[in-house]
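> model this:
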Amino acid sequence: MQKKQDEWHWQWNNFTNDNSFLFSEWIQPNELKDFAGTDVLDCGCGGGDHLILVAQNCRRAVGVDLNTADIAREKTKNIKNIEIMEGDIGTIHFDRKFDIVYSIGVLHHTEDPTASFNNIKKALKKGGRMIVWVYSYEGNFLNRTLLEFSKKYFFQKIGKRLLSLFSTLLTLLVYIPVYTIYLLPLNFLPFFYYFQNWRKIGFKMNALNVFDKLNAPRTFFIKRETVTGWLNEQEFSDISISSYKGVSWRASGTLK
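Residues are numbered from 1 along each chain as shown. Coordinates of the predicted model:
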């Protein structure tokens, strides 16, 4: 059972993830229009920003989060087709099933990503669509080693306001190579494709992404073979698994 983590409450109380461009890319080849007329479950809804996007298209949207249900509930209180539940996606039981179940950027932060996936799968109707986006093991050597080491011995020991300031300064520094050497066709550079997004989204969103990586108390980097096991051909059809910017997996399938 996952314990509550105050880090996430502080993050989503101070940041907003309202970039529809990224969400649309993370759920590909699925599209927001595919949510029309469906009952949808957002597993790890954070502050509710993705729910707000989805609710414009679906019939009913339910968001569940262990740490930030109060924030999501307040942010979505005037949207009639959104319901917020508090719970651990690794253990929560739902008394109904959904047409679409998605988890964007959350499974890799849970106590046991595979157990969490298997649990939210129980909430999916037969013929329903499962959509997940997770950090990949492949392409993340520097994050798996240098970043995680730095988090353990420094970033997780400082206050959140100081961490936020540090993230902002680090974001500014990263812009230097992003708009110089990374403009050259040198796709062998680490995070080459990932940094293409930095030139598409605003500074606040980039700073949030940096803070998110430094703030997360636990991060697993998921191998392709693990994702393939989640969305296996025995249980799912119309399976799509693709690398996103070389640092994450976006995957979906229809439950048989």
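
> What count of nearby residues applies to the residue nearest to Gln56 when sequence neighbours are not counted?
The shortest distance from Gln56 to any non-neighbouring residue, by Cβ to Cβ, 6 or more residues apart in numbering, is to Leu32 (7.8 Å). Placement of C-beta: from N, CA and C, glycine included. Leu32: 15 surrounding residues under other Cβ atoms under 10 Å.

> residues in contact with Leu32?
Counting by Cβ atoms under 8 Å, 6 or more residues apart in numbering, Leu32 touches Ser20, Ser24, Leu53, Val54, Gln56, Asn57.

> Looking at neighbours, which among these is most surrounded?
Val54 leads those on contacts (other Cβ under 10 Å) with 23 neighbours.

> thought that residue was touching Phe35?
Yes: Val54 lies in contact with Phe35 (Cβ atoms under 8 Å); the separation is 5.6 Å.

> which secondary structure element contains Leu172?
helix 160-178 (DSSP states H and E).

> So for that helix, what gets flagged as buried?
By neighbour count, with 16 or more other Cβ atoms under 10 Å as the criterion, the buried positions of helix 160-178 are Leu163, Ser164, Phe166, Ser167, Thr171, Val174, Val178.

> How about stretch 107-123?
Leu107, His108, His109, Thr110, Pro113, Ser116, Phe117, Asn119, Ile120, Lys121, Ala123.

> now stretch 134-151
Buried residues in stretch 134-151 (16+ other Cβ under 10 Å): Val134, Tyr135, Ser136, Tyr137, Gly139, Asn140, Asn143, Glu148, Lys151.

> Export it to PDB, keeping only CA atoms.
Provided in PDB are the C-alpha atoms of stretch 134-151 (Å, rounded to 0.1, in the frame of the first residue of the first chain):
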ATOM      1  CA  VAL A 134       5.600   6.100 -18.300                       C
ATOM      2  CA  TYR A 135       9.300   7.000 -18.200                       C
ATOM      3  CA  SER A 136      11.400   4.500 -20.100                       C
ATOM      4  CA  TYR A 137      14.400   2.700 -18.800                       C
ATOM      5  CA  GLU A 138      15.900   3.000 -22.300                       C
ATOM      6  CA  GLY A 139      17.300   6.500 -23.100                       C
ATOM      7  CA  ASN A 140      17.400   7.600 -19.500                       C
ATOM      8  CA  PHE A 141      20.800   6.600 -18.300                       C
ATOM      9  CA  LEU A 142      21.700  10.000 -16.900                       C
ATOM     10  CA  ASN A 143      18.400  10.300 -15.100                       C
ATOM     11  CA  ARG A 144      18.600   6.800 -13.700                       C
ATOM     12  CA  THR A 145      22.100   7.400 -12.300                       C
ATOM     13  CA  LEU A 146      23.200  11.000 -11.900                       C
ATOM     14  CA  LEU A 147      19.700  12.500 -11.300                       C
ATOM     15  CA  GLU A 148      18.500   9.900  -8.900                       C
ATOM     16  CA  PHE A 149      21.700  10.000  -7.000                       C
ATOM     17  CA  SER A 150      21.500  13.800  -6.700                       C
ATOM     18  CA  LYS A 151      17.800  13.500  -5.600                       C
END
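
> Check what pLDDT the closest residue in space to Asp18 that isn't next to it in sequence gets.
Nearest non-adjacent residue to Asp18, counting by Cβ to Cβ, 6+ apart: Asp49, 5.1 Å away. We have a pLDDT of 94 for Asp49.

> How about Leu255?
Value for Leu255, per-residue pLDDT: 98.

> wait, doesn't Ser116 sit right on Ile92?
No: the pair Ser116 and Ile92 does not pass the contact test of Cβ under 8 Å, sitting 9.8 Å apart.

> any low-confidence regions in the stretch 101-250 of the chain?
In the prediction, the stretch 101-250 of the chain carries no residues with pLDDT under 70.

> what about 90?
152 (pLDDT under 90).

> State the distance from the residue most central in space within the chain to Asn17.
Centroid-nearest residue in the chain: Gly105, 1.6 Å away (criterion: Cα atoms, centre = their mean). Between Gly105 and Asn17 the computed distance is 9 Å (Cβ to Cβ, to the nearest Å).
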